[in-house]
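Novice: model this:
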Amino acid sequence: MKGLRIRAAREGDRSAVEAVTLSAYQEYAPAMPELWDAYRENIVTTLAAPEPAAQMVAERGSRIVGTVLLYPAAGDHDSPPPIPRPFPEVRLLAVVPAARGQGIGEALMQECIRRARRSGATTLSLHTTDLMRAALRLYTRMGFRRRSDLDFRPRPAVTIKGYVLDLNAKKTRAALGKEGAKAAKRKRRSR
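Specialist: Residues are numbered from 1 along each chain as shown. Below you'll find the model as predicted:
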């Protein structure tokens, strides 16, 4: 992706990361009016102290256009997280609305996959809701599959759904990347 650089976030990036994330998630406010303020506060609190997560940004020129958190799996010695985390987990993937559809989210996800593999993980997980349709399309296109045993309910009417990616699968869509997956699809059609 021309001109796009994925890198670890720096301390000086915090306000830009928060602005990018809130601008990306703001679209959900009208669909969850009674929950939005608490959700927004959770985003701000998480971004203010993302540890133990690795925080990455997508930068075009000197402008941050996307961001993501990658949490390690919760170990036996860790206090239980509020969200089940038996595997490394992607959280708060965000791309500024004006830069969507340019592969930035996928590039950030590919970096999470690379880092999870490098750590020796065999599975990468994430949580999302049906409300986040574009994100769901990206995740399923990359090979993430539903894992209902990872679901949780922060409120009675809200189900946060778990998804996983098998990092050992041969030639998964995620391993191939967008262009490789398109080539594999064309090859299957030509048979």
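Novice: mind listing the helices for the protein?
Specialist: Residue ranges of the helices in the chain, as given by DSSP state H, are 14-25, 36-48, 104-118, 133-141, 173-190.
Novice: ranking these by burial, who's on top?
Specialist: Most buried of the helices of the chain by mean neighbour count (mean count of other CB atoms under 10 Å) is helix 104-118; its value is a mean of 20. C-beta here means a position set from N, CA and C on the backbone, and glycine is covered the same way.
Novice: re earlier: select, out of the helices of the chain, the one closest to Pro72.
Specialist: Checking the helices of the chain against Pro72 by CB to CB gives helix 104-118 as the closest, at 9.0 Å.
Novice: Helix 133-141 and that closest one, what's the angle between them?
Specialist: 40 degrees (axes from the mean of the first three to the mean of the last three CA atoms, to 10 degrees).
Novice: helices and strands around helix 104-118, which ones?
Specialist: Using 3 or more CB pairs under 8 Å, 6 or more residues apart in numbering; DSSP states H and E, the elements in contact with helix 104-118 are strand 4-8, strand 54-60, strand 63-71, strand 89-95, strand 123-128, helix 133-141, helix 173-190.
Novice: just for this protein, where's the confidence low?
Specialist: Along the chain, segments meeting pLDDT under 70 span 1, 75-84, 170-191.
Novice: in stretch 47-58, what counts as buried?
Specialist: Going by neighbour count (16 or more other CB atoms under 10 Å), the buried part of stretch 47-58 is 47, 50, 53-58.
Novice: okay, how far is it across it, tip to tip?
Specialist: In stretch 47-58, first residue to last residue: 16 Å (CA to CA, to the nearest Å).
Novice: Likewise for stretch 18-33?
Specialist: Using CA to CA, the end-to-end distance of stretch 18-33 comes to 20 Å.
Novice: Show me how far it is from its chain's centre.
Specialist: In terms of CA atoms, centre = their mean, to the nearest Å, the centre of stretch 18-33 is found 15 Å from the chain centre.
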